[in-house]
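> Sequence and predicted model, in that order:
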Amino acid sequence: MKYGKQQMMLIRKRMKIENWIDAEVAKLFNGNDNNGVDIDVDVLLDLDSVPAKRKFVFDNLQRSHCPASMDKITMFLDEMIDQLNTL
């Protein structure tokens, strides 16, 4: 299946954001990639509000016992929302 130039650009942008989220979550877990956190970008984009998106991700981090400070988590959430707004 061929994609148009615009579609490919959007796919690349989305993949870049997904990879960024994975890398940042690993940092929150002190570099551990096997942290059990799976943040589904489709679910995030389907949520209606920024507070709902933040809560969804925060709850995922909490369930996996994220060792990062609240300040680091808040900074990640702020930056993640900025990244998602580019899609």
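Done, it's in.
> List the buried residues in stretch 48-57.
53-54, 57 (16 or more other CB atoms under 10 Å). For glycine as for every other residue, the C-beta is placed from the backbone atoms N, C-alpha and C.
> my bad, should have said stretch 17-37
17, 21, 24-25, 28-29, 35, 37.
> hang on, the earlier thing: which ones among the buried residues of stretch 48-57 lie within helices?
The helices, defined by DSSP state H, take in 53-54, 57 from those.
> what residue lies at the spatial centre of this structure?
residue 21 (3.9 Å; CA atoms, centre = their mean).
> secondary structure element for it?
In this assignment (DSSP states H and E), residue 21 forms part of helix 5-28.
> cool, residue 76 as well?
helix 70-84.
> That helix: how far from the chain's middle?
Here helix 70-84 is found 9 Å from its chain centre; the criterion is CA atoms, centre = their mean, to the nearest Å.
> and the residue nearest to residue 21 when sequence neighbours are not counted, what pLDDT?
Spatial nearest neighbour of residue 21, chain neighbours left out: residue 39 (5.4 Å); criterion: CB to CB, 6 or more residues apart in numbering. Looking at residue 39, its pLDDT reads 94.
> Next, the contact list for residue 39, please.
21-22, 25, 57, 60 (CB atoms under 8 Å, 6 or more residues apart in numbering).
> so residue 84 makes contact with residue 18?
No - Residue 84 lies out of contact with residue 18 (CB atoms under 8 Å); the separation is 10.6 Å.
> Quick check: neighbours shared by those two?
residue 41.
> Isn't residue 54 up against residue 81?
Yes - look at residue 54 against residue 81 with CB under 8 Å: they come within range, at 6.9 Å.
> separation between the residue nearest to the centre of the chain and residue 79?
10 Å (CB to CB, to the nearest Å).
> in this protein, which ranges drop under the pLDDT threshold?
Low-confidence segments of the chain, defined by pLDDT under 70: 1.
> how close does residue 15 sit to residue 7?
13 Å.
> Residues that sit against both of those two, list them.
Common neighbours of residue 15 and residue 7 (CB under 8 Å, 6+ apart) do not exist.
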